[in-house]
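Novice: here you go, sequence then predicted model.
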Amino acid sequence: MSRSTTPLDDRLYSYFLEVSIRDDDVHRRLREETSELENAQMQISAEQGQFMTLLVAATNARLALEIGTFTGYSALCIAEGLRDDGRLIACDIDEEWPSFGRRYWAEAGVGHKIEFRAGPAADTMTQLIDEGMEGDFDFVFIDADKRGLEEYYEKALRLVRVGGIIAVDNTLWSGQVADPDVSDEDTNAIRGFNATVIDDLRVQISLVPIGDGLTLLRRLR
C-alpha cells in the first residue's frame, strides 16, 4: 500500500492504458488527425477523455458547457456522457479547429447534443447569464487561455448549479507550476488559480493527477 500517488514510468503507463482504456475507431481517428496539427498538445489525453465521460454520466448531467473546444475531442467525450436529452454548449474563439470535430461528433451519434458558439468564451458566458441560464449547468469544463482562468471560473460558478461540477484542465502544467525558476504569464496564472481555489469555501476540491492535471470543483453554495 502507498500513502502517495504511484508515479507512472513508461512501462507502468503503458500497462495503465492497456487495462483501462476502452477505445474505438472514432476516438482514435480524431486524436490522430489532431496530432498532425501544430498545436496538437492542446488536446486532452484518451484517459482523461474517458474519465470525463464517466464523470458526466455518473452525475446524470443534462446540460454542460465547454470553454475551449479545439478540435472537439473533449466535446465528443463530454457529449457521450450526457443523458439522451442532454446538451453541450461548446465554446472556442476559432471556428476552424472545431470543424474537425463536427464530422466525428456526427459519426459518433452525438452531434445533435452539441451546440458550438464561436467567439471569446468570457463573452459567451456573459451571454448565457443574460439569457437566464445562471445556475442551470450540471457540468462545466474549462480548457482555454490560462490568463483568463480566474474570469472563467467566476462566471462558471454563476452558471453551474449547486452540486454541479466545474473541471479545470492543465492545473499541473507539465510540472512547471512547482518549478520556482519558471515564471511566465501562463504558469503564474495557473499558480494563482490553484492558490485561489484551494481556499475557496464555495466549492469542494480535488486535483486529479490525470493528463496534465484536472481540478474538480463541486459548487456548494
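Specialist: Cool, got the structure.
Novice: got any ranges where this protein has weak pLDDT?
Specialist: Counting by pLDDT under 70, the chain contains low-confidence ranges at 1-2.
Novice: same thing but at 90, please
Specialist: 1-4, 33-43, 71, 94-101, 221 (pLDDT under 90).
Novice: tell me where it has strands.
Specialist: 63-67, 87-92, 114-118, 137-142, 160-169, 203-208, 214-219 (DSSP state E).
Novice: do you know which of those strands lies nearest Gln41?
Specialist: Smallest distance to Gln41 across the strands of the chain (Cβ to Cβ): 12.0 Å, for strand 160-169. No exception for glycine: its C-beta is placed from N, CA and C like everyone else's.
Novice: who's in contact with stretch 117-133?
Specialist: Residues outside stretch 117-133 that contact it (Cβ atoms under 8 Å, 6 or more residues apart in numbering): 65, 67-68, 89-95, 98, 134, 144, 148, 151-152, 155-156, 158-159.
Novice: pull that stretch out as PDB, backbone CA atoms only.
Specialist: Extracted as PDB, the C-alpha positions of stretch 117-133 are listed here (Å, rounded to 0.1, in the frame of the first residue of the first chain):
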ATOM      1  CA  ARG A 117     -20.600  29.000 -30.200                       C
ATOM      2  CA  ALA A 118     -17.700  30.900 -31.700                       C
ATOM      3  CA  GLY A 119     -16.100  34.000 -30.100                       C
ATOM      4  CA  PRO A 120     -14.400  34.900 -26.800                       C
ATOM      5  CA  ALA A 121     -15.600  32.500 -24.200                       C
ATOM      6  CA  ALA A 122     -15.900  35.100 -21.500                       C
ATOM      7  CA  ASP A 123     -18.400  37.000 -23.700                       C
ATOM      8  CA  THR A 124     -20.300  33.800 -24.400                       C
ATOM      9  CA  MET A 125     -20.500  33.100 -20.700                       C
ATOM     10  CA  THR A 126     -21.900  36.500 -20.100                       C
ATOM     11  CA  GLN A 127     -24.400  36.000 -22.900                       C
ATOM     12  CA  LEU A 128     -25.600  32.700 -21.200                       C
ATOM     13  CA  ILE A 129     -26.000  34.600 -17.900                       C
ATOM     14  CA  ASP A 130     -28.000  37.200 -19.700                       C
ATOM     15  CA  GLU A 131     -30.100  34.500 -21.400                       C
ATOM     16  CA  GLY A 132     -31.200  33.400 -17.900                       C
ATOM     17  CA  MET A 133     -29.100  30.300 -17.700                       C
END
